[in-house]
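Colleague: Okay, here's the prediction I keep looking at, along with the sequence it came from:
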Amino acid sequence: MHMPNKSRRAFTLIELVVVISIMAILSGVLVPRVSSHMRSARDAKRLADVKIMRSAIEQFYLDRGFYPVANTNSSYGGWDVSHDGNFIDALVEGGYLEDIPRDPVNDATYHYRYYVYAQGSYNCAGETDFYVGVRNFESTEFASKNKGFFRCSGRNWNNEFAYVTGGGASLE
């Protein structure tokens, strides 16, 4: 007994090439936009983390009369850096933070830095010691909109950091 030949519908090679080409074009357009949004999201987290850390550091100062001691890292000029696993422990130990915020990337390029400078260092105006914060942002647009708030005549922190903040430092 002979079975009738059933017609099978399948994609032709040309149809597959067209579909794959369209998908490649769409991904080429969408991937950079998604990557840009991811960079901006990480930068927003960095800024939020710095504000949380600044509040915790300032509360520590109000309670104790001095800033937490930086856990110096000689590889980074004595700065306390977030990616070495030893970042301002006193804030967690004292109950000022549940966990120390970590940069979303947290490597040698993208991390948080903390160091306490004595009042008047680098000709900075202010009534107390001061400190600084985020090393780099990933998005230049985000970085241009979010600068720290001080520059001293003896050192331009904005040339060294994406975002600077802290204690007794003030605008010139």
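Modeller: Arrived safely, thanks for sending.

Colleague: Run through the neighbouring helices and strands of the longest helix belonging to the chain.
Modeller: Counting residues, the longest helix found in the chain (DSSP state H) is helix 13-64. Applying 3 or more Cβ pairs under 8 Å, 6 or more residues apart in numbering; DSSP states H and E, one finds that helix 13-64 makes contact with helix 89-93, helix 140-145. The C-beta positions use only the backbone N, C-alpha and C, and glycine is treated the same way.

Colleague: Alpha carbons of the first one, as PDB, please.
Modeller: Coordinates of each C-alpha in helix 89-93 appear next as PDB, following Å, rounded to 0.1, in the frame of the first residue of the first chain:
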ATOM      1  CA  ASP A  89      35.600  47.800  59.100                       C
ATOM      2  CA  ALA A  90      34.800  50.200  62.000                       C
ATOM      3  CA  LEU A  91      31.500  51.200  60.300                       C
ATOM      4  CA  VAL A  92      30.200  47.600  60.400                       C
ATOM      5  CA  GLU A  93      31.700  46.800  63.800                       C
END
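
Colleague: tell me the contacts of the residue nearest the centre of the chain?
Modeller: Nearest to the mean C-alpha position of the chain, counting by Cα atoms, centre = their mean, stands Arg46 at 3.4 Å. For Arg46, the contact set (Cβ atoms under 8 Å, 6 or more residues apart in numbering) comprises Asp103, Pro104, Tyr110, Tyr112, Val134, Phe137, Ala162, Tyr163.

Colleague: how about the nearest residue to the second one, chain neighbours excluded?
Modeller: Take Pro104 and drop its neighbours on the chain: the residue closest to it by Cβ to Cβ, 6 or more residues apart in numbering is Arg42, 4.1 Å away.

Colleague: The fourth one too?
Modeller: Excluding the flanking residues, the one nearest Tyr112 by Cβ to Cβ, 6+ apart is Ser82, at 4.1 Å.

Colleague: CA atoms only: put the helix or strand of the chain with the lowest mean pLDDT into PDB for me.
Modeller: Least confident helix or strand, the chain: helix 157-160 with a mean of 71, by mean pLDDT, DSSP states H and E. C-alpha atoms of helix 157-160 as PDB (Å, rounded to 0.1, in the frame of the first residue of the first chain):
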ATOM      1  CA  TRP A 157      40.400  66.100  43.800                       C
ATOM      2  CA  ASN A 158      38.200  66.100  40.700                       C
ATOM      3  CA  ASN A 159      41.200  65.300  38.500                       C
ATOM      4  CA  GLU A 160      41.900  62.200  40.600                       C
END
